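S.K.: Predicted structure and sequence below. I'll ask about it afterward.
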Amino acid sequence: MTITGELLIDGGARPGTGGAIHAVDPSTGATLDVTFGGATKADLDEACALAAAAFGPYRATSPEQRAVFLETVAAKIEAIGDDLIVRAMAETGLPRARLEGERGRTMGQLKMFAGVLRDGGWLEARIDPAQPDRKPLPRPDLRLRNVPLGPVAVFGASNFPLAFSVAGGDTASALAAGCPVVVKAHPAHPGTSELVGRAVQEAVKACGLPSGVFALLHDAGIEISQGLVADARIKAAGFTGSRRAGLALTAVAQGRPEPIPFYAEMSSINPVLLLPNALKARGAAIAPDFVAALTQGAGQFCTNPGLILGIDGPELDAFLAATAEVIAKAPAGQMLTPGICKAYTGGVKALAETSGVTEVAHGLEGGHGQGRATLFSVDAATFLATPHLQDEVFGAASLVVRAQDLAQLTQVLAALEGQLTIAVHMEEADTDLARALLPTLELKAGRVLVNGFGTGVEVGHAMVHGGPFPSTSDSRSTSVGSLAIFRFLRPVSYQNLPAALLPVELQDANPLGIARRVDGKVVLA
Ligand SMILES: NC(=O)c1ccc[n+]([C@@H]2O[C@H](COP(=O)([O-])OP(=O)(O)OC[C@H]3O[C@@H](n4cnc5c(N)ncnc54)[C@H](O)[C@@H]3O)[C@@H](O)[C@H]2O)c1
Ligand SMILES: O=CCCC(=O)C(=O)O
């Protein structure tokens, strides 16, 4: 498949004339081939108009038709073959194995949503049959199902160029819900975006869907990005990236005459809590696993363990000494873009220069555009008094907070911002303490895990990849897993509709054979 640098609109491709974008090989700084043209306001307008026109026919497709469409997207992505991996490697500096795994995860997500569509649970069909004789008042016939919100804007993330990008979780869940999608490609991997975008376009065509179901835009600045979220025809958006951009776009979404849901996944430092008995029993043994999680993908994971909490003493010292030894041998990792590398170096410098923060260890010096792992420590009182120590440093940096005692550790937990994950390392003897802390932890994070690290998100039905602010802009949802579909749906009640008007999911005969809640009880098909 050839990369042309064009915008993908209306089932075809056209050059963008709104400024030029070039991909850069982050390992050399060299500009890669193909100039990508940014969209103009006219392109944006057309993509949104087509998405709005496609919404009616697209949402009228059956769940089975959309399931086949998602499976076709997965097959078309696979059919791109090695060109996709090679281009993604060049644009992101990520290694082949990681990208091949991510491609599998992307295809798996699409297929998972196909399964979700066939199962019908996403409709949340409910029927409260009429009770005409109920006293003192008769009950009307009430039936409920979910319907899609409308066209959705998706912003591809730099750090997962496949699984969180053009056909990633946001796009898959929106398309599953019945929403057309307009993607704003991440400028760091425009070629990867185009290849995947063309695969989605081919699937749209192969499945006989309206061309406006999918569009891919590049933006040479931020005007088109902001214009996309501001466009009245866009009814929701998904985003993964920085807190700064996430908040800027959330403000656009909320400042519209018709505000819309804006699902931004932004920043999280994913605290790791080392409980006393775990530290005593195996503090040193935790070190290599921690460093592996810290340095995976040069630390460029939103689930990266950026904060370690423990009670000061010889056990914590032993953990630090073991960790320092492993970190000292850790090779530097390739950062995704020169900008992200610069931001990481700046973040590490800011930590190093913060009064009361000491560097415990750093990894090996790296080459062009690489970041080396760095571990810092600070006492809990300083941490509590220095709010910027909770800022995400995107990369392989982590801060160990030494609490004087359990009371201070609890104080630190209570002061934490919202997180995607909190990991607890514990032994059986820590169970009572862990039980006491759990109510705090579950209010702070979308996922609480034991004896592991948050990196490596499982794509499944019980996954939450979300959490309270600032980890996301809306803690009620997830961007990974089947629950993500609910971000792009809303419930509608149908009261006293004649049978001839009822949506198929709510008809008495249940022709789709789906599970429904009838008079409060789940009735399996
Ligand atoms: N927590 C995470 O998962 C995560 C992931 C990627 C990046 N980041 C953070 O973001 C930093 C920059 O990386 P990035 O380029 O991937 O993210 P970014 O937030 O700068 O960009 C994400 C998307 O938003 C757009 N954008 C940026 N600023 C905008 C604005 N003001 N208005 C409208 N659109 C805007 C960009 O063009 C891009 O498409 C990193 O150094 C890191 O701190 C965090
Ligand atoms: O960077 C954000 C997503 C992290 C993730 O999906 C993972 O850790 O697998």
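M.R.: That came through, no problem. Given the structure is predicted, the values throughout are model-derived calculations rather than measurements. Numbers count the residues shown, from 1 in each chain. Ligands and ions are numbered 1, 2, ... in the order given.
S.K.: contacts, neighbours, all on C-alpha from now
M.R.: OK.
S.K.: near ligand 1, which residues of the stretch 101-250 of the chain?
M.R.: 155, 157-159, 186, 222, 225-226, 240-242, 245, 248-249 (CA under 6 Å from any ligand atom).
S.K.: next one: the chain
M.R.: Contacts of the chain with ligand 1, taken as CA under 6 Å from any ligand atom, map to 155, 157-159, 186, 222, 225-226, 240-242, 245, 248-249, 266-267, 301-302, 340, 343, 394.
S.K.: helix, strand or coil for the residue in the stretch 251-400 of the chain that ligand 1 sits nearest to?
M.R.: When distances are taken as CA to the nearest ligand atom, the stretch 251-400 of the chain reaches nearest to ligand 1 at C302, 3.6 Å away. Three-state assignment for C302 (DSSP: H, G, I helix; E, B strand; the rest coil): coil.
S.K.: Look up phi and psi at it.
M.R.: When read as degrees, to the nearest 10, the backbone of C302 gives phi -70, psi -10.
S.K.: Over to G221?
M.R.: Dihedral pair for G221: phi -140, psi -130, per degrees, to the nearest 10.
S.K.: Next secondary structure element downstream of the helix or strand in which F36 is found?
M.R.: Here F36, judged by DSSP states H and E, is contained in strand 31-37. Per DSSP H and E, the first helix or strand lying C-terminal to strand 31-37 is helix 41-59.
S.K.: Run through the neighbouring helices and strands of that following helix.
M.R.: strand 7-9, strand 181-184, strand 214-217, helix 223-230 (3 or more CA pairs under 8 Å, 6 or more residues apart in numbering; DSSP states H and E).
S.K.: now the shortest one: mean pLDDT?
M.R.: On average, the pLDDT along strand 7-9 is 98.
S.K.: And for the second one?
M.R.: The pLDDT scores in strand 181-184 average 99.
S.K.: buried residues in it?
M.R.: In terms of neighbour count (16 or more other CA atoms under 10 Å), strand 181-184 has its buried residues at V181, V182, V183, K184.
S.K.: what helices or strands is it leaning on?
M.R.: Judged by 3+ CA pairs under 8 Å, 6+ apart, the packing partners of strand 181-184 are helix 41-59, strand 152-155, helix 169-177, strand 214-217.
S.K.: Using a markdown table, please lay out the helices and strands packed on helix 41-59 together with distance to P314.
M.R.: As requested, the helices and strands packed on helix 41-59 are exported to a markdown table (distance: least, CA to CA, whole Å):
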| stretch | distance to P314 |
| --- | --- |
| strand 7-9 | 59 |
| strand 181-184 | 51 |
| strand 214-217 | 55 |
| helix 223-230 | 51 |
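S.K.: Just tell me which of the ones you listed ends up closest to ligand 2.
M.R.: Judging the helices and strands packed on helix 41-59 by CA to the nearest ligand atom, what sits closest to ligand 2 is strand 181-184, at 17.8 Å.
S.K.: what separates the helix or strand following the closest one from the chain centre, distance-wise?
M.R.: Next in sequence after strand 181-184, counting helices and strands by DSSP H and E, comes helix 190-206. Distance, stretch centre to chain centre, for helix 190-206: 20 Å (CA atoms, centre = their mean, to the nearest Å).
S.K.: What is the burial count for the residue nearest to T28 when sequence neighbours are not counted?
M.R.: Using CA to CA, 6 or more residues apart in numbering and skipping the chain neighbours, the partner closest in space to T28 is H368 (6.2 Å). Counted by other CA atoms under 10 Å, the residues lying close to H368 total 14.
S.K.: and what of P387?
M.R.: 12.
S.K.: Repeat that for the one 5 residues further on.
M.R.: Here the number of neighbours of E392 (other CA under 10 Å) works out to 24.
S.K.: Now do the SS call for it.
M.R.: With three-state DSSP as the criterion, E392 reads coil.
S.K.: Which residue, neighbours along the chain excluded, lies closest to T17?
M.R.: G37 is the one closest to T17 (CA to CA, 6+ apart), at 5.5 Å.
S.K.: Look up how far M89 lies from the one you found.
M.R.: 21 Å (CA to CA, to the nearest Å).
S.K.: Among these two, which residue is more densely surrounded?
M.R.: G37 (24 against 21).
S.K.: doesn't G19 make contact with that one?
M.R.: Yes: using CA atoms under 8 Å, G37 is in contact with G19, at 5.8 Å.
S.K.: overlap in contacts of these two?
M.R.: Residues touching both G37 and G19 by CA atoms under 8 Å, 6 or more residues apart in numbering: D219, A220.
S.K.: Identify the residues contacting whichever residue of the stretch 101-250 of the chain sits closest to ligand 2.
M.R.: Per CA to the nearest ligand atom, N159 is where the stretch 101-250 of the chain lies closest to ligand 2, at 6.1 Å. For N159, the residues meeting the contact criterion (CA under 8 Å, 6+ apart) are T92, Q300, F301, L336.
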